[in-house]
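S.K.: Need the 3D shape of this:
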Amino acid sequence: MTAPQSPASAPLDQPLYGASFGDAIRRFFKKYADFTGRASRSEFWWWFLFAVLIGAVYGILLGTLGSIGNGGRGYGPIAWILIVLYTLWGLAILVPSLALIWRRLHDANLAGPFFFLGFIPLVGWIILLVFYLLPSKPEGARFDRR
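M.R.: Predicted structure coming up:
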């Protein structure tokens, strides 16, 4: 594993060790559908935190504004707007999230298709969590572009 780099010194085809929150979000969108290369733990987990925060804000908004305009019974028009917006957000980040997962597995020197373990309820999720937590391994460079 190399020392932390500044964003200017880390090319996009290399993992950014010690990425800051903002660096991780920027790199996530810059590497939108790039399944090659590697992603450091900090890149992965900062994005994960950002996605959880977006989901929490959405949940709070839906819970507080969801029944407005419907007399408190079920979802009102604002709720449906929020649902559509969150669905569009989910579709927009689907491919780059998969790419980030794939690159994180590469950084731990694992093949990207290990992602499919996630389709096994609970056991697969636990295995993937362990894989995401694994430290970077220099051997993962085999997944870099040549």
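S.K.: Run through this protein and note the low-pLDDT ranges.
M.R.: Scanning the chain with the threshold set as pLDDT under 70 gives 1-9, 71-72, 146.
S.K.: Identify the single longest helix in it, thanks.
M.R.: In the chain, with assignment by DSSP state H, the single longest helix is helix 77-107.
S.K.: in that one, what's buried?
M.R.: Across helix 77-107, burial judged by 16 or more other Cβ atoms under 10 Å covers 78-79, 82, 86, 93, 96, 99-107. In this view, the C-beta of every residue, glycine as well, is placed from N, C-alpha and C.
S.K.: try stretch 126-143
M.R.: For stretch 126-143, by 16+ other Cβ under 10 Å, it's Leu128, Phe131, Tyr132, Ser136, Gly140, Ala141, Phe143.
S.K.: residue contacts, His106?
M.R.: Thr36, Gly37, Arg38, Ala39, Gly112, Gly140, Phe143 (Cβ atoms under 8 Å, 6 or more residues apart in numbering).
S.K.: For Ala33, give its distance to Ala92.
M.R.: Between Ala33 and Ala92 the computed distance is 12 Å (Cβ to Cβ, to the nearest Å).
S.K.: what is in contact with these two at once?
M.R.: Listed contacts common to Ala33 and Ala92 are nil; contacts here mean Cβ under 8 Å, 6+ apart.
S.K.: Please save the CA atoms from the helix or strand following the longest helix of the chain in PDB.
M.R.: Heading C-terminal from helix 77-107, the first helix or strand you meet, by DSSP states H and E, is helix 123-133. C-alpha atoms of helix 123-133 as PDB (Å, rounded to 0.1, in the frame of the first residue of the first chain):
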ATOM      1  CA  VAL A 123     -24.400 -14.900   4.400                       C
ATOM      2  CA  GLY A 124     -23.400 -13.300   1.100                       C
ATOM      3  CA  TRP A 125     -23.800  -9.800   2.600                       C
ATOM      4  CA  ILE A 126     -21.600 -10.700   5.600                       C
ATOM      5  CA  ILE A 127     -18.900 -12.100   3.300                       C
ATOM      6  CA  LEU A 128     -19.000  -9.000   1.100                       C
ATOM      7  CA  LEU A 129     -18.800  -6.800   4.200                       C
ATOM      8  CA  VAL A 130     -15.600  -8.700   5.200                       C
ATOM      9  CA  PHE A 131     -14.200  -8.300   1.700                       C
ATOM     10  CA  TYR A 132     -15.000  -4.500   1.700                       C
ATOM     11  CA  LEU A 133     -13.100  -4.200   5.000                       C
END
